[in-house]
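Asker: what would the 3D arrangement of this be:
(one chain, ligands or ions: 1)
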Amino acid sequence: MLRLQALRPGTFLFLCRQASKGGKPIDSDTLLRLEDGYKELVASDSKSLLKKHLKKDLFEKLKKKTTASFNSSLLDCIQTGLSNHDSAVGIVAPEPEAYKTFAEIFDPIIEDFHKGFKKTDKHPECCFGKCNDFANLDPDNKYILSTRVRCGRSVKNFPFISCLSENAFAKLEAMISGALNTMSGSYKGSYLPLSGIEKSVQQKLIDEHFLFRDCDRFLKTSGAKRFWPAARGIYFNEARNFVVWVNEEDHLRIISMEKGGDIGKVYERMIGGVEALEKHLDFSRDERLGYLTFCPTNLGSTIRASVHIKLPNLSDNPKEFWKLMDKYNLQRRGTRGEHTKVEDGVYDISNKRRVGLTEYEAVKEMYDGIRALIDAENKIFK
Ligand code: ARG
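Answerer: Next up, the predicted model:
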């Protein structure tokens, strides 16, 4: 975090007058970096939502604000988008209060990404719904290689990843791993601190899509890699179809995954995991935004339901492919996840919206979309 640094006498009073209501006045170095970075962003050909929505007058209005809780600045939120003009989004929240202090930039970005969730809208109550509604989409294993459903959670009374002190990190890891170690039955497993996993084993786990990577410049410039690899880790159940990432981008990413296309089963396992952890941890939830996460793309239901899928005919018809992706609110990523390329024709396709719809509806959006893609794939083939 960029914190108030030593100021020349006199500067303080001047800054106090300039600062808007909120935290401490912003320091001159942070302000300079914000202004330079913003100028470069405006001059760039960035297609990020940050550039689209942070118009000059709004920038001027927000640039000196800080939060009262942790003194987070606009730079703490947008450094990632200023450093990476190829960002799709370009903004993160260092702590829950940032969504309020900088609401004027977060709200339009949330509305744009989640396709119409307005600042006057309220995210619905948590509703996982009936898992049985989701039958296997590909019982003959022709298209879907694997299925994964995850959600994100933040622990109450802690800021998000870029704003945690080294002590808070350690405390959080102890709380989360303690909760994980109480898991029983099919969830029983073990927590491995990242620092204790040998490099070659780490790579193997990454290749098998179990473990997160550590080289994402978008996350790095958002401040999420501070003290890395301290306090990060991964929990596996014995069958390795239930995984929890600890302190990667969010405090917790609760993941259920397995080979094939049995979405109902995968979803059900994730829900059981969340409910078991809720008994031991208090999660941050906002009245309007739902469950709170570091990145505004993950708020609300926080659900990302995805498949690894091969659709060779649609791949040869990109116009049709993209038309369906858009119609069904789907998002496409490379084989190894975000910001990676497609290998061997394997796409990672998921729901895009997470805010403004329930957990059940988010999974259903992916389910209906994947079914439509498979139908189209078959039709083109005939
Ligand atoms: N910050 C990146 C961007 O703006 C990723 C956004 C969504 N992904 C994420 N892991 N939060 O492109």
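Asker: contact partners for residue 78?
Answerer: Applying C-beta atoms under 8 Å, 6 or more residues apart in numbering to residue 78 gives the contacts 34, 37, 50, 54, 90-91, 105. C-betas here are computed from N, CA, C, even on glycine.
Asker: cutoff 10 Å now
Answerer: For residue 78, the contact set (C-beta atoms under 10 Å, 6 or more residues apart in numbering) comprises 34, 37-38, 41, 48, 50, 54, 59, 62, 87, 90-92, 102, 105, 222.
Asker: quick check: the residue of the stretch 251-382 of the chain nearest the ligand.
Answerer: When distances are taken as C-beta to the nearest ligand atom, the stretch 251-382 of the chain reaches nearest to the ligand at residue 295, 3.3 Å away.
Asker: count the residues that sit near that residue.
Answerer: Residues near residue 295, counting by other C-beta atoms under 10 Å, number 21.
Asker: shouldn't residue 315 be in contact with residue 347?
Answerer: Yes - the pair residue 315 / residue 347 is scored as a contact, 8.0 Å apart, by C-beta atoms under 10 Å.
Asker: can you list residues touching both of the two?
Answerer: Common contacts of residue 315 and residue 347 (C-beta under 10 Å, 6+ apart): residue 321.
Asker: if you count surrounding residues, which of those two has more?
Answerer: residue 347 (24 against 13).
Asker: partners of the more buried one in the sheet?
Answerer: For residue 347, the beta-bridge partners are residue 309 (DSSP bridges).
Asker: and residue 256, by the same measure?
Answerer: Beta-bridge partners for residue 256, by DSSP bridges, are residue 149, residue 242.
Asker: can you pull the contacts of the closest residue to the ligand within the stretch 101-250 of the chain?
Answerer: The stretch 101-250 of the chain approaches the ligand most closely through residue 218 (4.0 Å), counting by C-beta to the nearest ligand atom. By C-beta under 10 Å, 6+ apart, the contact list for residue 218 reads 80-81, 83-84, 86-90, 92, 224, 249, 295, 338-339.
Asker: same check, this time on residue 158
Answerer: Counting by C-beta under 10 Å, 6+ apart, residue 158 makes contact with 95-96, 164, 168-169, 171-172, 175, 251, 284.
Asker: now swap in residue 369 and tell me
Answerer: 305, 307, 324-325, 327-331, 349-352 are the contacts of residue 369 under C-beta under 10 Å, 6+ apart.
Asker: give me the distance between it and residue 152.
Answerer: 21 Å (C-beta to C-beta, to the nearest Å).
Asker: cool, residue 362 as well?
Answerer: Taken as C-beta to C-beta, the span from residue 362 to residue 152 is 12 Å.
Asker: with residue 267 instead?
Answerer: 15 Å.
Asker: one step back: what touches both of residue 362 and residue 152?
Answerer: Residues touching both residue 362 and residue 152 by C-beta under 10 Å, 6+ apart: 301-304, 354.
Asker: which of the residues you listed fall within strands?
Answerer: residue 304 (DSSP state E).
Asker: in the shared contacts of residue 362 and residue 152, find the pair that's most separated.
Answerer: The largest separation in the shared contacts of residue 362 and residue 152, counting by C-beta to C-beta, is between 301 and 304 at 9.3 Å.
Asker: more neighbours, those two?
Answerer: A count of neighbours by other C-beta under 10 Å puts residue 301 above the other of residue 301 and residue 304, at 29 against 24.
Asker: what's near enough to touch that one?
Answerer: Counted by C-beta under 10 Å, 6+ apart, residue 301 has contacts 114, 123-124, 126-128, 151-152, 290-291, 351, 353-363.
Asker: please pick the buried ones from those residues.
Answerer: 114, 123-124, 126, 128, 151-152, 290-291, 351, 353-363 (16 or more other C-beta atoms under 10 Å).
Asker: before we move on, the earlier item: now, of the contacts of residue 218, which are buried?
Answerer: For the contacts of residue 218, a burial check counting by 16+ other C-beta under 10 Å picks out 80-81, 83-84, 87-90, 92, 224, 249, 295, 339.
Asker: just want the most central residue of this protein.
Answerer: residue 298 (4.3 Å; C-alpha atoms, centre = their mean).
Asker: relative to residue 291, how far out is that residue?
Answerer: 9 Å.
Asker: what helix or strand does residue 322 sit in?
Answerer: Element membership of residue 322, judged by DSSP states H and E, is helix 318-327.
Asker: list the buried residues for that helix?
Answerer: Buried residues in helix 318-327 (16+ other C-beta under 10 Å): 320-321, 324-325.
Asker: and for stretch 333-348?
Answerer: So stretch 333-348, judged by 16+ other C-beta under 10 Å, has buried residues 333, 335-336, 339, 346-348.
Asker: what mean pLDDT would you report for stretch 152-165?
Answerer: Averaging pLDDT along stretch 152-165 gives 98.
Asker: and that stretch, anywhere near the ligand?
Answerer: No - judged by C-beta under 6 Å from any ligand atom, stretch 152-165 stays clear of the ligand, getting no closer than 9.1 Å.
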